[in-house]
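J.: fold the following.
(2 chains)
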2 protein chains.
Amino acid sequence: MSILVVGSVAFDSLKTPFGEREKILGGSATYFSVAASFFTDVRVVAVVGEDFGADEEAVFHEREVDISDLERVAGEKSFYWKGEYGYDLNVAHTLDTQLNVFARFKPKLSKSARESSFLFLGNIQPDLQMEVREQVSARLVAADTMNYWIDSTPRELRRMLTGVDVLVINDSEARALAGEHNLVRAARAVLAMGPKRLVVKRGEYGAATFTQESYFATPAYPLEEVFDPTGAGDSFAGGFMGYLAATNSTDEAAVRRAIIYGSVMASFNVEEFGCERMRRLTYEEINARFRELRAMSHFEEAEMPPF
Amino acid sequence: MSILVVGSVAFDSLKTPFGEREKILGGSATYFSVAASFFTDVRVVAVVGEDFGADEEAVFHEREVDISDLERVAGEKSFYWKGEYGYDLNVAHTLDTQLNVFARFKPKLSKSARESSFLFLGNIQPDLQMEVREQVSARLVAADTMNYWIDSTPRELRRMLTGVDVLVINDSEARALAGEHNLVRAARAVLAMGPKRLVVKRGEYGAATFTQESYFATPAYPLEEVFDPTGAGDSFAGGFMGYLAATNSTDEAAVRRAIIYGSVMASFNVEEFGCERMRRLTYEEINARFRELRAMSHFEEAEMPPF
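T.: A predicted model of the protein is given here:
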């Protein structure tokens, strides 16, 4: 099955303790689609400006991501984000945000886009997520969001949540959305808002997923160096949705493996700036890391008392 | 095999968002030994004052913990700690610490104590840990420590570390000890200080263990309410060491199951104040939670590409 993703295709200027880059290709739809492209066909709905050129197009083409629904606005610039990370790479400090073409973005979906079976609503304004969601009768709809929307557009966000099957957010966002510090209680509160499943990204601590009846958690792949955490959440979502779409399944066993593939894609993505690492990733590497995560988290049965 | 533990047997006054208790039985050796007693024989080396009475003794007796090496000092008081937790239950705020009998504690070990096969050096002054360690030629020696000793007695701590097989500490302590934010690099640095294995307690995120060649991590048992986090680390260590001593094994497979039993004991301990929950715990409950943690963290194999 193919995936439709709506989100940002943008330019990022990044500074981490390990180096910096000026105006490299980024954005939630970019990271998501490159990661998901290892699993299935992906189509991107987004908007860019005149600064989106052949070099940027090449990233999508080489991964065979369909950008025929990518709108281009003449005489304007693409969305731009400038940020910095300290040694605690969990926290990004925003230095500059320029909406540019995104300020007046009205997603226009082709017929093929509207027929997608799997839909991912990347982290953009909840109203835009809703507009796309209403045009697609997908088998599975997943969405991301962030603290900014939780704080500034809570009503729109809550309406959007009634239309999604899976919400994929950070643990701090889950706590903020629920207004509840304990993650188990926060998850229960979020599930009462509409989504049938919550997937919680916990950075270096891994990921977890909750439904009303089930719980699963995995540690993150242990990395000695997180070079650039930008796009970790989106590449996680790309691996997650990619696996579900590739196998056309949404049961608990498939979701668990999808979370592992999400963790694997995120772990590679943060090893270098932007999409650099994912652009030269192989299936051998992906499968090896999947097997390693399994070996790192499995253990045998036991029974007490031992007498 | 039996376990010898040296640590504190103390009185705690605690305040959490859920309630408070005045002068209840606590201390690292108390939590450790009560947890470990579900797995094997445990002997405690510690010191108490005149305020340690029949009620406190009963806790050890009902769990058949051997306190014949517990020194009692007439006319003095036991170690006392007063602390408070906010909604972020990971952080304890110390309001008062009175060393009392602990200020002049010189551990005296009986012949039986010196012949223990498994030794746990609870979180006390590294010099005292060393004194005990040198008197026991155990098969496995594990130790805990805390930021206070990392900061105030770094040289003594480093000497102590050369004599232990397993170090069991919090992730923030591992980072502080190594002077390194990334946990994988921190673990490598700690392993270079002496211990052959590092076990990292991560609170609500679970636990992990590193050797030079292996890595294993488990999520924590998901709890809707952490009532009182006091003793979580010590009850974890008690379950961990208890299982290894009960099975007299220290290989990777046993260590993994031991970490799960540690997580199980900690998860019960934090459900109520002090040792209250552990005092009425059953093997049925312990085994059920072990099985649940296994079901929550296991997943099937997969292979990409799917075509």
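
J.: in chain A, which spans are strands?
T.: Taking DSSP state E, the strands of chain A run over residues A:3-6, A:10-16, A:19-26, A:42-48, A:70-72, A:79-85, A:92-98, A:118-121, A:140-143, A:166-170, A:197-201, A:207-210, A:215-218.

J.: show me what counts as buried in stretch A:246-254.
T.: A:Ala246, A:Thr247, A:Ser249, A:Thr250, A:Ala254 (16 or more other CB atoms under 10 Å in any protein chain shown). C-beta here means a position set from N, CA and C on the backbone, and glycine is covered the same way.

J.: then stretch A:127-134?
T.: In stretch A:127-134, counting by 16+ other CB under 10 Å, buried: A:Leu128, A:Gln129, A:Met130, A:Glu131, A:Val132, A:Arg133.

J.: and of these, the nearest to B:Glu180?
T.: Within the buried residues of stretch A:127-134, the smallest distance to B:Glu180 is 39.9 Å, found for A:Gln129 (CB to CB).

J.: what distance do you get for that closest one to chain B?
T.: For A:Gln129, the distance to chain B (CB to the nearest CB, to the nearest Å) stands at 28 Å.

J.: and chain B, which of the strands of chain A is closest to it?
T.: The closest of these to chain B is strand A:215-218. By CB to the nearest CB, the value is 3.4 Å.

J.: make JSON lines out of the strands of chain A and add mean neighbour count.
T.: Formatted as JSON lines, those follow (neighbours: other CB atoms under 10 Å in any protein chain shown):
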{"stretch": "strand A:3-6", "mean neighbour count": "30"}
{"stretch": "strand A:10-16", "mean neighbour count": "22"}
{"stretch": "strand A:19-26", "mean neighbour count": "17"}
{"stretch": "strand A:42-48", "mean neighbour count": "26"}
{"stretch": "strand A:70-72", "mean neighbour count": "15"}
{"stretch": "strand A:79-85", "mean neighbour count": "19"}
{"stretch": "strand A:92-98", "mean neighbour count": "12"}
{"stretch": "strand A:118-121", "mean neighbour count": "29"}
{"stretch": "strand A:140-143", "mean neighbour count": "24"}
{"stretch": "strand A:166-170", "mean neighbour count": "25"}
{"stretch": "strand A:197-201", "mean neighbour count": "24"}
{"stretch": "strand A:207-210", "mean neighbour count": "24"}
{"stretch": "strand A:215-218", "mean neighbour count": "23"}
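
J.: turn the ones you listed into CSV, columns for distance to chain B.
T.: Formatted as CSV, the strands of chain A follow (distance: least, CB to the nearest CB, whole Å):
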stretch, distance to chain B
strand A:3-6, 13
strand A:10-16, 13
strand A:19-26, 16
strand A:42-48, 14
strand A:70-72, 25
strand A:79-85, 12
strand A:92-98, 16
strand A:118-121, 14
strand A:140-143, 16
strand A:166-170, 14
strand A:197-201, 11
strand A:207-210, 7
strand A:215-218, 3
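
J.: just checking: what are the partner strands of the helix or strand of chain A with the lowest mean pLDDT?
T.: Here the helix or strand of chain A ranked lowest by mean pLDDT, DSSP states H and E is strand A:92-98, holding a mean of 92. Note on strand A:92-98: by DSSP bridges, its sheet partners are strand A:79-85 (antiparallel).

J.: quick one, the strand it pairs with and strand A:10-16 angle?
T.: 10 degrees (axes from the mean of the first three to the mean of the last three CA atoms, to 10 degrees).

J.: how far does strand A:79-85 sit from its chain's centre?
T.: Put simply, strand A:79-85 sits 17 Å off its chain's centre (CA atoms, centre = their mean, to the nearest Å).

J.: and the stretch 51-200 of chain A, which of its residues are near chain B?
T.: Contact residues (CB under 8 Å from any CB of the partner chain) of the stretch 51-200 of chain A with chain B: A:Tyr87, A:Asp88, A:His181, A:Asn182, A:Leu183, A:Val184, A:Arg185, A:Arg188.

J.: let me see the ranges of the helices in the stretch 151-300 of chain A.
T.: Using DSSP state H, counting those that start in this stretch, the helices of the stretch 151-300 of chain A run over A:154-161, A:171-178, A:183-191, A:232-247, A:252-269, A:276-279, A:283-297.

J.: which stretch among those helices comes nearest B:Leu14?
T.: Distance to B:Leu14, taken as CB to CB, is lowest for helix A:183-191 among the helices of the stretch 151-300 of chain A, at 21.8 Å.

J.: about what we covered before: pLDDT added to the buried residues of stretch A:127-134, as JSON lines?
T.: Shown next, in JSON lines, are the buried residues of stretch A:127-134 (pLDDT from 0 to 100):
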{"residue": "A:Leu128", "pLDDT": "95"}
{"residue": "A:Gln129", "pLDDT": "97"}
{"residue": "A:Met130", "pLDDT": "97"}
{"residue": "A:Glu131", "pLDDT": "95"}
{"residue": "A:Val132", "pLDDT": "97"}
{"residue": "A:Arg133", "pLDDT": "97"}
